[in-house]
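Trainee: Structure here, sequence nowhere to be found:
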């Protein structure tokens, strides 16, 4: 990686590397909306680029899933000038012959037919192996045992923003079934982030998004990398990560008090995916190792009904960066369908007068699985929801709380053999804000056995916990 003299020299930042020496390491960042000299976002983008340039060793390649320039103009010449400034000035520090730079379309860059033409022309180095009509807008790159597929969530031929083609994607993934690692990249998320939702303009349209996601699941894609919402976020759905990075310079953040400018450096190996999210000072703000590894649930510790001192010890301020992971297995017989009053499976509480920091239970006559986190006294709890459990039938379900995954770290799966999915919520934070409870109630809440009791039968709870490190 070559750095211009205008970029400040700083201490190197150690890059994550494949643990087995046979994988890949790369950078992903997006959404700077720059390309205009001396405009507001230029300095932000330069600060993020300075961090990318400090990585040692440098990345093998860089992915930029959209919104490089301000765009959104009917003046094609102005659009070309923005692209020219972005490449020739703002990205001049990067030797693209040594470190390829891959792009996706975005709502600031391919918003009509004319801008699609400019995108194809300016980014003529991108492969032309996409579906008919989308050459240069959708494409794939094969890097030995790694398949990267860059999809277009903006194509005018499908109706524009928030739509994505799936037939070609399905065939491409089939054609490269031998790839050990498969990653798909696009601009729009499928699953809403931080409560910022909206069909087409913020998320891929629901029916189209479900079909798209099922293609990823069926081909065992590791992750879908996207941007668009100005935040960093990670979720998992049916075992596939949705990893959103949109911190390369555009302001304001979504929401401003939670999010920050950043880039993501990641490593792939036979053990899975690891990443570190670096802010403009080069500090690690978030990180993850995926997939999570657990002992079989048959070995987990058992709890009986009633109140217990919590067996989990969480350090308030650990000396080294770490996350904690607590999992529970709940089983029993659901009550018949009746009223919708809340029913407690587990309540984690402290001996003050504040609401319980953690509550897991059922709500509604459909017995919808719900999780509540209360991060501060006097503030409303934030709600996450999951599947409905069948009335008057046996059930088994596992819940995990991962403090290193933000709002996507509230997870569920049916059993040891099924993949994890994030519960659905609209919060911009997760278990990292949780004040860990000192008491657990099984089958009723903090107010005692007559308060929100589980009305079914044979409730069984087992649990396990571990510290997770990068």
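Mentor: Looks like it arrived, so ask away. Please read all numbers here as calculations on a predicted model, not as lab measurements.
Trainee: mind listing the helices for the stretch 1-150 of the chain?
Mentor: For the stretch 1-150 of the chain, the helices defined by DSSP state H, counting those that start in this stretch cover 40-53, 76-85, 113-122.
Trainee: Let me know which of the ones you listed is tucked in deepest.
Mentor: Compared across the helices of the stretch 1-150 of the chain, helix 40-53 shows the largest average neighbour count, a mean of 19 (mean count of other Cβ atoms under 10 Å). C-beta coordinates here come from the backbone N, C-alpha and C atoms, glycine included.
Trainee: report the angle between the axes of that helix and helix 76-85?
Mentor: Calculated by axes from the mean of the first three to the mean of the last three Cα atoms, to 10 degrees, helix 40-53 forms an angle of 30 degrees with helix 76-85.
Trainee: I'd like the numbering to begin with 685 instead of 1 from here.
Mentor: Sounds good: first residue 685 from here, last item helix 724-737.
Trainee: on that earlier part again, so can I have TSV of the helices of the stretch 685-834 of the chain showing mean pLDDT?
Mentor: TSV is the format used below for the helices of the stretch 685-834 of the chain (pLDDT from 0 to 100):
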stretch	mean pLDDT
helix 724-737	97
helix 760-769	98
helix 797-806	98
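Trainee: Distance to residue 984 added to the ones you listed, as CSV?
Mentor: As requested, the helices of the stretch 685-834 of the chain are exported to CSV (distance: least, Cβ to Cβ, whole Å):
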stretch, distance to residue 984
helix 724-737, 41
helix 760-769, 55
helix 797-806, 52
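Trainee: Relative to residue 976, which of these is closest?
Mentor: helix 724-737 (27.5 Å; Cβ to Cβ).
Trainee: what helices or strands is the closest one leaning on?
Mentor: On a contact count with 3 or more Cβ pairs under 8 Å, 6 or more residues apart in numbering; DSSP states H and E, helix 724-737 meets strand 947-953.
Trainee: Tell me which of the helices of the stretch 685-834 of the chain lies nearest to residue 1111.
Mentor: Across the helices of the stretch 685-834 of the chain, closest to residue 1111 is helix 724-737 (Cβ to Cβ), at 25.5 Å.
Trainee: Now do the domain split for the chain, please.
Mentor: 697-974, 981-1152 (automatic domain parsing).
Trainee: And the contacts of the helix or strand of the chain with the lowest mean pLDDT?
Mentor: When each helix and strand of the chain is scored by mean pLDDT, DSSP states H and E, strand 990-993 comes last, with a mean of 89. Contact with strand 990-993 is made by 1122-1127, 1133, as judged by Cβ atoms under 8 Å, 6 or more residues apart in numbering.
Trainee: Return the member of these nearest to residue 1147.
Mentor: residue 1124 (8.7 Å).
Trainee: Surely the closest one and residue 1030 touch.
Mentor: Yes. Residue 1124 is within contact range of residue 1030, at 6.2 Å (criterion: Cβ atoms under 8 Å).
Trainee: Tell me which of those two has more neighbours.
Mentor: residue 1030 (25 against 22; other Cβ atoms under 10 Å).
Trainee: Look up the closest residue to that one, ignoring the ones flanking it.
Mentor: The shortest distance from residue 1030 to any non-neighbouring residue, by Cβ to Cβ, 6 or more residues apart in numbering, is to residue 1044 (4.6 Å).
Trainee: Just give me the neighbour total for that neighbour.
Mentor: Residue 1044, neighbours per other Cβ under 10 Å, totals 23.
Trainee: Kindly report the same for residue 796.
Mentor: 12.
Trainee: who touches the residue lying closest to it once chain neighbours are set aside in this structure?
Mentor: Nearest residue to residue 796, sequence neighbours excluded (Cβ to Cβ, 6+ apart): residue 840, at 6.6 Å. Contact partners of residue 840, counting by Cβ under 8 Å, 6+ apart, are 796-797, 800.
Trainee: now do residue 1078
Mentor: 1015-1018.
Trainee: How about residue 910?
Mentor: Here residue 910 is in contact with 749, 869-874, 926-928 (Cβ under 8 Å, 6+ apart).
Trainee: one more time with 6 Å
Mentor: 749, 870, 873, 928 (Cβ atoms under 6 Å, 6 or more residues apart in numbering).
Trainee: who's it bridged to?
Mentor: residue 928 (DSSP bridges).
Trainee: Deepest-packed of the domains of the chain, please.
Mentor: Among the domains of the chain, highest average neighbours (mean count of other Cβ under 10 Å) belong to domain 697-974, with a mean of 20.
Trainee: That one spans what distance, first to last residue?
Mentor: 22 Å (Cα to Cα, to the nearest Å).
Trainee: Relative to residue 696, how far out is the nearest residue to residue 801 once chain neighbours are set aside?
Mentor: Residue nearest to residue 801 in three dimensions, not counting chain neighbours: residue 760, with 7.9 Å by Cβ to Cβ, 6+ apart. Residue 760 is 41 Å from residue 696, where distance means Cβ to Cβ, to the nearest Å.
Trainee: could you say which helix or strand contains the residue nearest in space to the middle of the chain?
Mentor: The chain has residue 918 as the residue nearest its centroid, 1.6 Å off, counting by Cα atoms, centre = their mean. Assigned by DSSP states H and E, residue 918 belongs to strand 916-921.
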